[in-house]
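In: The sequence and its predicted three-dimensional model are supplied below.
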There are 2 protein chains.
Amino acid sequence: MAAPKDPRPCSIADALAIVGEKYSLLVLREVCLGNGRFDQLVRNIGAPRDVLATRLRRLVDAGVLTKRAYSERPQRFEYRPTQAGLELEPVLMTLKEWGDRHLRDGTDLPMVVEHTCGNELIPVVTCRSCGAPVHHEDLTAHPQAEGWTVSGPTAA
Amino acid sequence: MAAPKDPRPCSIADALAIVGEKYSLLVLREVCLGNGRFDQLVRNIGAPRDVLATRLRRLVDAGVLTKRAYSERPQRFEYRPTQAGLELEPVLMTLKEWGDRHLRDGTDLPMVVEHTCGNELIPVVTCRSCGAPVHHEDLTAHPQAEGWTVSGPTAA
DNA sequence: TCCGTGAGTTGGAAAATCAAACCCTCCCCT
DNA sequence: AGGGGAGGGTTTGATTTTCCAACTCACGGA
C-alpha cells in the first residue's frame, strides 16, 4: 500500500505504510489491551474477517505483532504486540488524547487510561533534550535527503 | 469511513475516522511544513489528484484544515492547518520517531526536526501528571462506557 | 452423533483507487 | 488577437479493495 511514487523519503510515510491501513491501529489498540484473538478482534473492531486476516498477516510480517498458539489441540491463536508494537502505544495514546479533546468535549470519555503514578494518563509529547512540550512554532524542519522542499514558517 | 459498526466508543477510532484515511496524515505533514498548495501536495505526497481533492474536502469539513485564497484574480488557494490540525503534529512527530527507530536504523534520517532548544527533536510521550515517559507496562485501561471488555495484562 | 467454538477462507457485489486526460480561469508574451 | 503556461481541480474508465454472508476445517463436549 506504500504510495506508488511518494517522492519524499519519510519515516512518517514509511510508518504509515505499515500501520496506516484501515483497522491496523485499531488492531494494535486491541492487542495492547490484551484482546488478541481473532474473534475478539472482529467483534471489537468491527472489521470484516477477511480484511482483518490480511491486516494481521501484514502486521506480523512487519514485526509489529506476533502470532502464538495459546492452545495446541485444538489449535488456537492469539496475536500479541512485539516490542516494536508496544512502542506504537504512545502514538495511540497521543491520538486518543487528540480525539478526547477535539472530538468529544474532553469530558465523558469512553475510556480512561491510568498511569502507574496514580493519575489519569494525559499524554504530552515533549522534547527529549529540553523536556518542553512540543508545539508547532518551536519546530524547524531540516531536510537531509533529496526530495524535500519546504516553504513557509516551518521551513529550514 | 468510520467502521460501519465499531462496537467500541473510542476516541482513537474517532480520530482515525478523520485522519486515518490513506494520505490524510501525509497531507497534514505537508501543510505543517507550509506546503499547502494543491500541486505541491500532489507532487510531495504522490497521491492521485482526485483522491487528494476528496481528502482535502474531508479535512476541511472536519476542521483540521482551512482553505484560503492566497491570491484573488487569479484565484489561487492554499490549505493550512487549523489549531486542531497543528495539535496533530505531535502525533506525526511521534510516528516519525517510531519510523526513524524501527524502519531505518536510527541513523541517516531523511529529515531532522530541530526544536527551539537548539537540539534535534526526539519526541518523548510523557504523563502530564508525573512527567515520566509512557511505557506499556505502566498503563491500566479503565472502560467508562458500554462496549468495552478488556483482558490480559493491561486490563483494569 | 450432533452442536458449538475458534480461526480463518471463498465468492460475488459494491465502493474506492489509480492514471491520464480534460476543463476553466486567469496571466503573460508577442 | 493568438498561443502558451500555471494553478486547481473534475471526468472517465480500468483496476483494486472492501464488504458481507456463507462456508470450511479441526477439534471438544454433551
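Out: Perfect, thanks for sending it.
In: buried set for stretch A:57-70?
Out: For stretch A:57-70, the buried set under the neighbour-count rule, 16 or more other C-beta atoms under 10 Å in any protein chain shown, comprises A:58, A:59, A:62, A:64, A:65. (Glycine included, C-beta is placed from N, CA and C.)
In: model confidence over that stretch, on average?
Out: What stretch A:57-70 shows for mean pLDDT is 98.
In: Any residue of it touching DNA strand D?
Out: No. Stretch A:57-70 is not in contact with DNA strand D by C-beta under 7 Å from any atom of the strand; minimum separation 9.9 Å.
In: who touches that stretch?
Out: Contacts to stretch A:57-70, defined as C-beta atoms under 8 Å, 6 or more residues apart in numbering or on different chains, come from residues A:18-19, A:21, A:24, A:27-28, A:31, A:56, A:75-82, A:84-85, A:88, B:102.
In: just the buried members of these?
Out: Among the contacts of stretch A:57-70, those classed as buried by 16+ other C-beta under 10 Å are A:18-19, A:21, A:24, A:27-28, A:31, A:56, A:78-82, A:84-85, A:88, B:102.
In: which of those are close to DNA strand D?
Out: Contacts with DNA strand D within the buried ones among the contacts of stretch A:57-70, counted by C-beta under 7 Å from any atom of the strand: residue A:21.
In: Which of the buried ones among the contacts of stretch A:57-70 fall in helices?
Out: Residues from those lying in helices, with DSSP state H as the criterion: A:18, A:19, A:24, A:27, A:28, A:31, A:56, A:84, A:85, B:102.
In: Next up, the contacts around the closest residue to residue A:47 other than its chain neighbours.
Out: Leaving aside its chain neighbours, residue A:47 sits nearest to residue A:23 (4.6 Å; criterion: C-beta to C-beta, 6 or more residues apart in numbering or on different chains). Contacts here follow C-beta under 8 Å, 6+ apart; on that basis residue A:23 touches A:45, A:47, A:51, A:52, A:55, B:3.
In: re the thing from before, show me which pair in the ones in helices among the buried ones among the contacts of stretch A:57-70 is furthest apart.
Out: The distance between the two most remote of those (C-beta to C-beta) is 18.5 Å, for A:56 and B:102.
In: Check which residues of stretch A:128-143 are buried.
Out: Across stretch A:128-143, burial judged by 16+ other C-beta under 10 Å covers A:128, A:134, A:136, A:138, A:139, A:140, A:141, A:143.
In: Kindly report the same for stretch A:108-126.
Out: A:109-115, A:121-126.
In: For the residue nearest to residue A:114 when sequence neighbours are not counted, which three-state class applies?
Out: Nearest non-adjacent residue to residue A:114, counting by C-beta to C-beta, 6+ apart: residue B:140, 4.5 Å away. Of the three states, residue B:140 takes strand under DSSP: H, G, I helix; E, B strand; the rest coil.
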